[in-house]
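Novice: Below are the sequence and a predicted model for it; my questions follow.
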Amino acid sequence: MQFRNNYRRPQSDPGSAVCPIRAAWLVVCLLAWTPYLQAAIAPQPRQAGEELQVTDNEVGRYGGTLVVGQRSEPKTLNPVTAADVPSREVIGRLTADLIHINRATQQTEPALAKAWSASRDGRIFTLKLRRGLRFSDGQPFNGDDVVFTFQVYLDEKIHSPQRDLLIVGGKPIEVAKIDAYTVRFTLSQPYAAAERLFDSLAILPKHLLEKPYRDGHFTQAWSLNASPAEFAGLGPFRLKSYVPGQRIVLERNPYYWKADRSQNRLPYLDEIAFLFVGNEDAQALRFQAGDTDIISRVGAENYALLSKDAPSRGYELFDLGPALEYNFLLFNLNDLKPPLDAKLKPKQSWFADLRFRRAISAAVDREAIVRLVYAGRGAPLWGNVSPSNKFWVDQSLPHPARSLDQARELLRSAGFSWRDSGQLFDPQGRPVEFSIITSSSNTQRTKMATILQDDLGKLGMNVQVVPLEFRAVLDRVFQTYDYDTAVMGLGGGDADPNPEMNVWLSSGGTHLWHLGEAKAATDWEARLDQLMQQQMVEVKYSKRKRLYDQAQEIIGQNQPCVFLGTPDILVGARKTIANFKPAILEPSTLWNVDQLYFRPQGATSAGVPR
């Protein structure tokens, strides 16, 4: 439908009659796309004293709705509590941070803070904020919003997954407003790559969120069901509408704080529409049919299918190499309450045995995962750092070949045995049976779980694969703990190790195999805590790399989860989309959405804003 992007309606011959069937079809289409046919919000003129950031992108033209297919709905629009990718992908277009990591260069750059300086001892950071900026509801932004934001992130009662990044040397970062546009951050110790910690910490509007925070209702704020009037952010877009099960639509933030070199306020796009398509196959079909404009995290099989039609359907595809994410089999080792503890206790006794976890790892055919799940467009993993992360991957980490014999020997040493039927039994005579939950909307992880089912079946384990809706997986892993094992994925936000603090610290909010630990449950976890904290404050790269190598080795030796593989980053976009620059760091395709624009059909160069 051509009018989706440029608001052009199909033209009929004024002298001809309109076919009733075609007319009815047109009415249905117009009703379906009503949200995109309303008048666009115009960018506000630049105000005196407004310190906009000027970008160096190709100058674009205003107009159009970018349509993106999402496999599942966001769980929340609250940036402080969001932990899932669909939520953070939408939230990232609604909000902004103080210092930003450029996804293309992987270097930090000014954002809401126009400049910053550090004390000689590396403990005090002073940030100068841009003046004259406004939230998407027109209210002014200043240092009070920054202080309030960090107060919320650091509040233990909120349980923000980002909180761990803001604890340095065992103490929370101290935040103080020096004046309306100067904020000081004081750390108890020097912090490696300290400026990177500000990335993706969305600045909140104090004028809207202070009351729910004071009333103890902050975690319920900014749910998907809240009205757009309750939201305001500093991102390029603001919330327009949400239709459960169908879509969420964002419209231009008319007060956005960036402009191109011709002084045109960004963004160029009028709207972004996130369509909830259900799974990767549907995502690929919608892109192939022209219903969506950008596709990301596509699997190799669909990438191959889409490649065949790319020349004739007006889109391009890109293989950026291995991602920074890691996919793994997670064991449920949480402290459980009745009646769940009785149900899972026997299985947890297996999972807690390192020999059992190592046996599973030895049985996994990682090469088959790369071949069958990624069609060769991916890499096997034995640790938590992708081979594409050249600065931080531990090259000495062992990559043992698959060995069912070694797996059986490990199980024998742990007291497991086999009956004549070939079924595996534990030392108490119980059959080894467990389930793997995974997201039904993620085809790749579902295939991984199926391969694991087959691999572990060769050891006599009876494994069931249970695909669930993505939010149901999150609820079981993070809330109810009602699962045996899970195939999940993490990573991709930054190449630096520090964003991983919340995963590998025993107290971390994403310490998935044992959430909510008061202290390290094992000696090796205590040592891992120590290493992660040491690397966080070591400013010399060579020393920090040695510390992080040791951390990777401890993780590899103890295998709290079994690492499986990482896909290549495979993305695509319509050829009419200009300034499209996909990157390895997440979000690969929408990181510079404020600079994207639609060229006229058939155009090969940039137009002029209109």
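Specialist: Good, I have the coordinates. Numbers count the residues shown, from 1 in each chain.

Novice: so residue 62 sits right up against residue 271, yeah?
Specialist: No. With contacts counted by CB atoms under 8 Å, residue 62 stays clear of residue 271, the gap being 11.6 Å. Placement of C-beta: from N, CA and C, glycine included.

Novice: anything in contact with each of those two?
Specialist: residue 40 (CB atoms under 8 Å, 6 or more residues apart in numbering).

Novice: Please name every helix or strand in contact with the lengthiest strand in the chain.
Specialist: With secondary structure taken from DSSP state E, the chain has its longest strand at strand 561-574. Secondary-structure packing of strand 561-574 (3 or more CB pairs under 8 Å, 6 or more residues apart in numbering; DSSP states H and E): strand 294-295, helix 300-313, strand 315-322, strand 326-331, helix 354-363, strand 378-380, helix 443-457.

Novice: Report the buried residues of stretch 336-355.
Specialist: Across stretch 336-355, burial judged by 16 or more other CB atoms under 10 Å covers 336, 344, 347-348, 350-351, 353-355.

Novice: repeat for stretch 575-586
Specialist: Neighbour-count burial for stretch 575-586 [16+ other CB under 10 Å]: 575-580, 582-586.

Novice: Out of the residues you listed, the closest to residue 199 would be?
Specialist: residue 585 (9.7 Å; CB to CB).

Novice: Report the contact partners of that closest one.
Specialist: 101, 103, 106, 324, 492-495, 591.

Novice: swap the cut-off to 6 Å and go again
Specialist: For residue 585, the contact set (CB atoms under 6 Å, 6 or more residues apart in numbering) comprises residue 103.

Novice: tell me the secondary structure for it?
Specialist: Assigned by DSSP: H, G, I helix; E, B strand; the rest coil, the conformation of residue 585 is coil.

Novice: after the longest strand of the chain, next one along is what?
Specialist: Once the chain leaves strand 561-574, the next helix or strand it forms, by DSSP states H and E, is strand 577-578.

Novice: tell me the mean pLDDT for that next one?
Specialist: Across strand 577-578, the average pLDDT comes to 98.

Novice: Just after it, pick out the following helix or strand.
Specialist: strand 597-598.

Novice: Nearest residue to the middle of this protein?
Specialist: Geometric centre of the chain, nearest residue: residue 85, 3.6 Å, by CA atoms, centre = their mean.

Novice: What sits closest to that residue if chain neighbours are left out?
Specialist: residue 586 (7.6 Å; CB to CB, 6 or more residues apart in numbering).

Novice: Could you do residue 299 as well?
Specialist: residue 444 (5.1 Å).

Novice: So that neighbour sits against residue 375, correct?
Specialist: No. If you go by CB atoms under 6 Å, residue 444 and residue 375 don't touch, sitting 10.4 Å apart.

Novice: Which of the buried residues of stretch 336-355 sits closest to residue 130?
Specialist: residue 336 (48.8 Å).

Novice: In three-state terms, label that closest one for me.
Specialist: Applying three-state DSSP: residue 336 is coil.

Novice: what do you get for residue 345?
Specialist: helix.

Novice: Can you check the pLDDT for the residue lying closest to it once chain neighbours are set aside?
Specialist: Nearest residue to residue 345, sequence neighbours excluded (CB to CB, 6+ apart): residue 336, at 7.6 Å. Per-residue confidence (pLDDT) for residue 336: 92.

Novice: Give me the phi and psi angles of residue 336.
Specialist: With angles defined as degrees, to the nearest 10, residue 336 sits at phi -110, psi 160.

Novice: Against residue 158, how distant is it?
Specialist: 24 Å (CB to CB, to the nearest Å).

Novice: Please apply the same query to residue 388.
Specialist: 33 Å.

Novice: helix or strand right after the stretch of helix or strand residue 526 belongs to?
Specialist: With secondary structure defined by DSSP H and E, residue 526 is part of helix 523-537. Using DSSP H and E, the helix or strand that follows helix 523-537 in sequence is helix 541-558.

Novice: Can you point out the buried residues in that following helix?
Specialist: 544-556, 558.

Novice: And the strands in the stretch 51-200 of the chain?
Specialist: Remark: strands assigned in the stretch 51-200 of the chain by DSSP state E, counting those that start in this stretch are 53-54, 65-70, 99-101, 108-110, 113-118, 124-129, 167-168, 171-172, 174-179, 182-186.

Novice: Out of the ones you listed, which is closest to residue 433?
Specialist: strand 65-70 (34.6 Å).

Novice: Report the angle between the closest one and strand 561-574.
Specialist: 150 degrees (axes from the mean of the first three to the mean of the last three CA atoms, to 10 degrees).

Novice: helices and strands around strand 65-70, which ones?
Specialist: Judged by 3 or more CB pairs under 6 Å, 6 or more residues apart in numbering; DSSP states H and E, the packing partners of strand 65-70 are strand 271-276.

Novice: Tell me which other helices or strands the strand it packs on touches.
Specialist: Using 3+ CB pairs under 6 Å, 6+ apart: strand 271-276 touches strand 65-70, strand 247-252.

Novice: Show me which residues of that strand are buried.
Specialist: By 16+ other CB under 10 Å, the buried positions in strand 271-276 come out as 271-276.

Novice: just to revisit the earlier point, do I have it right that the residue nearest to residue 85 meets residue 494?
Specialist: No. Residue 586 sits out of contact with residue 494 when judged by CB under 6 Å, with a separation of 8.8 Å.

Novice: what touches both of those two?
Specialist: Common neighbours of residue 586 and residue 494 (CB under 6 Å, 6+ apart) do not exist.

Novice: Show me what residue 466 is bridged to.
Specialist: Beta bridges link residue 466 to residue 437 when assigned by DSSP bridges.

Novice: returning to that earlier point: ok, the buried residues of stretch 575-586 vs residue 450, which is closest?
Specialist: residue 586 (25.8 Å).

Novice: Can you read off the backbone torsions of that closest one?
Specialist: Torsion angles, degrees, to the nearest 10, at residue 586: phi -70, psi 150.

Novice: next one: residue 485
Specialist: With angles defined as degrees, to the nearest 10, residue 485 sits at phi -140, psi 170.

Novice: What distance do you get for it to residue 351?
Specialist: From residue 485 over to residue 351 (counting by CB to CB), the distance is 8 Å.

Novice: What distance do you get for the residue lying closest to residue 259 once chain neighbours are set aside to residue 228?
Specialist: Once flanking residues are discounted, residue 259 sits nearest to residue 52: 4.6 Å by CB to CB, 6+ apart. Counting by CB to CB, the gap from residue 52 to residue 228 is 24 Å.

Novice: ok, now residue 481?
Specialist: 35 Å.

Novice: and the residue nearest to residue 111 when sequence neighbours are not counted, how many residues sit next to it?
Specialist: Spatial nearest neighbour of residue 111, chain neighbours left out: residue 100 (4.0 Å); criterion: CB to CB, 6+ apart. Around residue 100 there are 21 other residues, counting by other CB atoms under 10 Å.

Novice: OK, contacts around residue 100?
Specialist: 109, 111, 199.

Novice: Just the buried ones among the residues you listed, please.
Specialist: Neighbour-count burial (16+ other CB under 10 Å) is assigned, among these, to 111, 199.

Novice: Out of the contacts of residue 100, which is nearest to residue 92?
Specialist: Nearest member of the contacts of residue 100 to residue 92, counting by CB to CB, is residue 199, at 10.6 Å.

Novice: just checking, that closest one touches residue 98?
Specialist: No. Residue 199 is not in contact with residue 98 according to CB under 6 Å; the separation is 8.6 Å.

Novice: State the distance from residue 46 to residue 412.
Specialist: 73 Å.

Novice: How about residue 96?
Specialist: Residue 96 is 57 Å from residue 412, by CB to CB.

Novice: Check the average confidence over stretch 286-293, would you?
Specialist: For stretch 286-293, mean pLDDT rounds to 97.

Novice: Much appreciated, bye for now.
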